[in-house]
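1. could you look at this predicted model? Sequence included:
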Amino acid sequence: MPRIYITRKIPDAGITMLQEKGYEVNVSPKDGALTREEFLSTLREGEYDAVLCTLLDRIDGEAFDAAPKAKIFANYAVGFDNIDPVAAKERGVIVSNTPGVLTNTVAEHTFALMLAIAHRIVEADGFTREGRYKEWAPELLLGNDLFGKTLGIVGAGRIGTRVAYHGARGFDMKILYTDVKPNADIEKEVGAEYKEKIEDLLAEADFVSIHVPLLPSTQHLINAERLLKMKRSAYLVNTSRGPTVDEAALVQALRNKTIRGAALDVFENEPALAPGLVELPNVIITPHIASGTEETRAAMAELAAKNIIAVLEGGEAPNAVKP
């Protein structure tokens, strides 16, 4: 009987799929992420045929060697910067992720952040709860419209394209985008205009939304120099990976009103935040929950399980990650 290890409690949908195949499924009983030693020792002792891991688990050569029987490490995330795919390939281990099923949810959260920061929703909520609302006033907590503004998409993959769709179709926004190469789909879908240089996009956009994977080339993609290229009236939104933004530089830009505001779901050194970030009124922060709906997290669990089942039955993982 194949043995599966799941490093964190996930929605029952994925666990049930594995159990219905007759697999022995062991889920970490710990309420929280495993320490490195807990993780490695569990792998060594379990003789597992597959591992379903999360983005908090560092999956490298040491982890693969701790589970020599494991044919697949299925990552419960669309990103896989926590995994060394080259080390996996060297050992003949398959790595998979969960793309597609979270596209709409992350795009929705991105727009929720965009609307919230532009309309000062969080700030207004606190103002009202604190009893500071005394009467209606013409200039009370004035925000900004999204309608008709320019939205800059940095990374025109599935999620970036969907965010562009919402902006163009729902708010008549002009769409600019930048990526390593042009994307015919986003141009056809919403009339997006390609900017080869990110600096050109930053100079024109009223809202900039980040949707790139974490790679050496995207580390601090948004830095102090590029923040200065943005309009002083612009907003930055990040629902991709925290280290794509130099958080210390962003704090300074927000403090100095280099840009008007920012909304972040991810952080450079999660769960720690850059000093000074939480004191700023012109930033909204959420705890990495852009894919956090019941429907999407269940779909992610099912997709991770499907990858494991396919490999253990001698097939190919439908969402295998290539180095």
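-> Now that the structure is in, tell me what you want to look at. Numbering: from 1, shown residues only.

2. between the two ends of stretch 227-244, how far is it?
-> 13 Å (CA to CA, to the nearest Å).

3. centre of the chain to it, how far?
-> 15 Å (CA atoms, centre = their mean, to the nearest Å).

4. list the buried residues of that stretch.
-> By neighbour count on 16 or more other CB atoms under 10 Å, the buried set for stretch 227-244 is 227, 229-231, 234-244. (Glycine included, C-beta is placed from N, CA and C.)

5. which residues touch D145?
-> Counting by CB atoms under 8 Å, 6 or more residues apart in numbering, D145 touches A118.

6. how far away is A184 from T103?
-> Using CB to CB, to the nearest Å, A184 is found at 18 Å from T103.

7. related to what we said a few turns ago, closest to T218 out of the buried residues of stretch 227-244?
-> T244 (5.1 Å; CB to CB).

8. and the closest one, its phi and psi?
-> Main-chain dihedrals, T244, degrees, to the nearest 10: phi -70, psi -20.

9. quick check: closest non-adjacent residue to the residue nearest the centre of the chain.
-> Note on the chain: the residue nearest the mean C-alpha position is S240, at 3.7 Å, using CA atoms, centre = their mean. Leaving aside its sequence neighbours, S240 sits nearest to I210 (CB to CB, 6 or more residues apart in numbering; 4.8 Å).

10. separation between the one you found and E37?
-> Using CB to CB, I210 is found at 34 Å from E37.

11. break this protein into its domains for me.
-> Per automatic domain parsing, the domain ranges recorded for the chain read 3-101+294-312, 103-285.

12. so who does the residue nearest to the centre of the chain touch?
-> The contact partners of S240, by CB under 8 Å, 6+ apart, come to G155, I210, H211, V212, P213, L214, V266.

13. element containing it, please.
-> According to DSSP states H and E, S240 maps onto no helix or strand at all.

14. per-residue pLDDT, it?
-> Note on S240: pLDDT of 97.

15. related to what we said a few turns ago, turn the domains of the chain into JSON lines, including distance to V321.
-> What follows is the domains of the chain, written out as JSON lines (distance: least, CB to CB, whole Å):
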{"stretch": "domain 3-101+294-312", "distance to V321": "5"}
{"stretch": "domain 103-285", "distance to V321": "11"}
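
16. what subset of the contacts of S240 is buried?
-> Buried among the contacts of S240 by 16+ other CB under 10 Å: G155, I210, H211, V212, L214, V266.

17. how close does the closest residue to the fourth one other than its chain neighbours get to E196?
-> It refers to V212. Nearest non-adjacent residue to V212, counting by CB to CB, 6+ apart: G155, 3.7 Å away. To E196, G155 is 14 Å away according to CB to CB.

18. picking that back up, look at A184 and T103 and report which has more neighbours.
-> The neighbour comparison of A184 against T103 (other CB atoms under 10 Å) goes to T103, with 19 against 9.

19. which residues sit in contact with the residue nearest to S240?
-> By CB under 8 Å, 6+ apart, the contact list for I210 reads V154, G155, L221, I222, L236, V237, N238, T239, S240, T244, V245.

20. redo that, cut-off 10 Å
-> Shown in contact with I210 (CB atoms under 10 Å, 6 or more residues apart in numbering): 110, 152-155, 160, 218, 221-222, 236-241, 244-245, 264, 266.

21. how about Q19?
-> By CB under 10 Å, 6+ apart, the contact set of Q19 is I4, D12, V25, A305.

22. tell me which element it is part of?
-> Using DSSP H and E, Q19 sits in helix 12-20.

23. what does L176 give?
-> Taking DSSP H and E as the criterion, L176 maps to strand 174-178.

24. repeat for G32
-> Using DSSP H and E, G32 maps to neither a helix nor a strand.

25. repeat for the one 5 residues further on
-> Of the helices and strands defined by DSSP H and E, E37 is found in helix 36-46.

26. quick one: mean pLDDT for that helix?
-> pLDDT averaged over helix 36-46 gives 95.

27. what separates it from the chain centre, distance-wise?
-> The chain centre lies 27 Å from the centre of helix 36-46; the measure is CA atoms, centre = their mean.

28. for that helix, buried residues please.
-> Buried residues in helix 36-46, counted by 16+ other CB under 10 Å: F39, L40, T42, L43, G46.

29. just list what that helix packs against, helices and strands only.
-> The contact analysis (3 or more CB pairs under 10 Å, 6 or more residues apart in numbering; DSSP states H and E) places helix 36-46 against strand 3-6, strand 24-27, strand 50-53, helix 61-66.

30. can you map out the helices along the stretch 151-300 of the chain?
-> 158-165, 171, 184-190, 198-204, 224-227, 247-255, 294-312 (DSSP state H, counting those that start in this stretch).

31. could the ones you listed go into TSV alongside distance to Q19 and mean pLDDT?
-> Output for the helices of the stretch 151-300 of the chain, formatted as TSV (distance: least, CB to CB, whole Å; pLDDT from 0 to 100):
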stretch	distance to Q19	mean pLDDT
helix 158-165	30	97
helix 171	45	98
helix 184-190	39	95
helix 198-204	47	98
helix 224-227	49	98
helix 247-255	41	98
helix 294-312	10	98
